[in-house]
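In: Sequence first, predicted coordinates after that:
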Amino acid sequence: MVAKVERPLSPHLSVYRRGVAMMASITHRITGFVMATAGMLMLLWWLSAIGGGEESYTSFISYVTGSGLGDDATTLQHVSKWFFRLLAVGVTFSFFQHLFSGIRHLMMDMGAGFELNANRTSAWLVFIAAFTATGIVALVAVNYMIGA
Amino acid sequence: MGDGTNLGKVRGLGSAKHGSKHWIDQRISALGNLLLTAWLVASFAWLPNYEFKTVAEWLAQPSVAVPMILMLISIFWHVRLGLQVFIEDYFHSEGNKLAALMLLNFYVVGGAAFGIFTVAKHAFTGAPT
C-alpha cells in the first residue's frame, strides 16, 4: 500500500491576494446557492399560496412580513417573522447581485472587460448596484407595509 | 484500443463532442432568466396593490401565467446546471457526489413540476373569489 501523498488542491484560494473581482466571483456562487434553495422554495410557496385562495395567501403574507400579528402574538411568531424578513432581504440581495454579476459574466464571456482596471471597476459596480437595488426594494416594501 | 486502464479505453476515440453543451446551456438559461424575471418583476411592481384579489387575478392572466411557467422551467434548468458544478466542486467522495446529483435531479424536476402545476391549475380554474 502506497502512502497517500497530501498534494495541494486547486484552486489554492488562500495564496492569492484578496481583491474585489475575487469577492464578486465568490459572492456570485453564494447568491446563486441561496436563490437555488431558499429563493426557489419561497417562490413555490408564494405561488401555491396564491393558488390556494385568500386564506393561504394571507397566511403566507403574515409569515413573511408579520402583518396582521396582534399583541397576543407568540415568541415563535415573532422569531418566524424576523427569520422570514431577513431571508426575504437576503434573497432580494442575492437576486440583484446574481443578476448584475451574471450580466458582467456574459460580457466577459464575449471577451470584454478583462483589463485590470475595467475588471475591478465592473466588480465594484456589481456590488454598488446590488446594494442600491436591495435598499430601494426594502424601502418600498417597508413603506407599503406601514401604509397598509 | 486498450482494455486495461480507463485512459487506454478512451484514447484515440476523439472528444465526445458535447464538452461545451453544459457551458452554453448555462448561458442560454441565464438569458432566459434575465428576460423572464425582468418581465415578471416589472409586471408585479406595476400592480396598484398587493391584496389577494389583485395578485390572484394577475397570476391567472395568460400574459403572466405563461411567462411564469417559462420562468420556472428556465430557472430550474439553470439551478440544475449551477448546483451540479457546486456539487462536483465540493463533494470529493464519488458516492456522496452521485447521491447529491441524484437529489438535485429530484429537486429540480419535482420543484418545476409542482410550480408549473400550481400556476396552470390557477390559470385554468380562474382566480378563486
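Out: Nice, I can see it.

In: And residue A:52, its phi and psi?
Out: Phi and psi for residue A:52, reported as degrees, to the nearest 10, are phi -80, psi -10.

In: From residue B:97, how far off is it?
Out: 37 Å (Cβ to Cβ, to the nearest Å). Bear in mind the C-beta positions are built from the backbone N, C-alpha and C, glycine included.

In: Who are the contact partners of residue 105?
Out: Using chain A. residue A:28 (Cβ atoms under 8 Å, 6 or more residues apart in numbering or on different chains).

In: meant chain B, my bad for not saying
Out: Going by Cβ under 8 Å, 6+ apart, residue B:105 touches residue B:80.

In: Kindly report the same for the one 10 residues further on.
Out: If a contact means Cβ under 8 Å, 6+ apart, then residue B:115 has A:43, A:44, A:47, B:69, B:72, B:76 as its contacts.

In: swap in residue A:99?
Out: Contacts of residue A:99 by Cβ under 8 Å, 6+ apart are A:130, B:34, B:37.

In: What does the pLDDT read for residue A:67?
Out: As summarised for this prediction, residue A:67 has a pLDDT of 77.

In: So what's the model's average confidence on the helix or strand hosting residue A:121?
Out: Element membership for residue A:121, per DSSP states H and E: helix A:116-147. Here helix A:116-147 scores 93 as its mean pLDDT.

In: That helix: which residues count as buried?
Out: A:119, A:122, A:123, A:126, A:127, A:129, A:130, A:133, A:134, A:137, A:141 (16 or more other Cβ atoms under 10 Å in any protein chain shown).

In: Make a markdown table from those residues and add distance to chain B to it.
Out: Output for the buried residues of helix A:116-147, formatted as a markdown table (distance: Cβ to the nearest Cβ, whole Å):
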| residue | distance to chain B |
| --- | --- |
| A:119 | 19 |
| A:122 | 17 |
| A:123 | 18 |
| A:126 | 14 |
| A:127 | 19 |
| A:129 | 14 |
| A:130 | 14 |
| A:133 | 11 |
| A:134 | 13 |
| A:137 | 9 |
| A:141 | 10 |
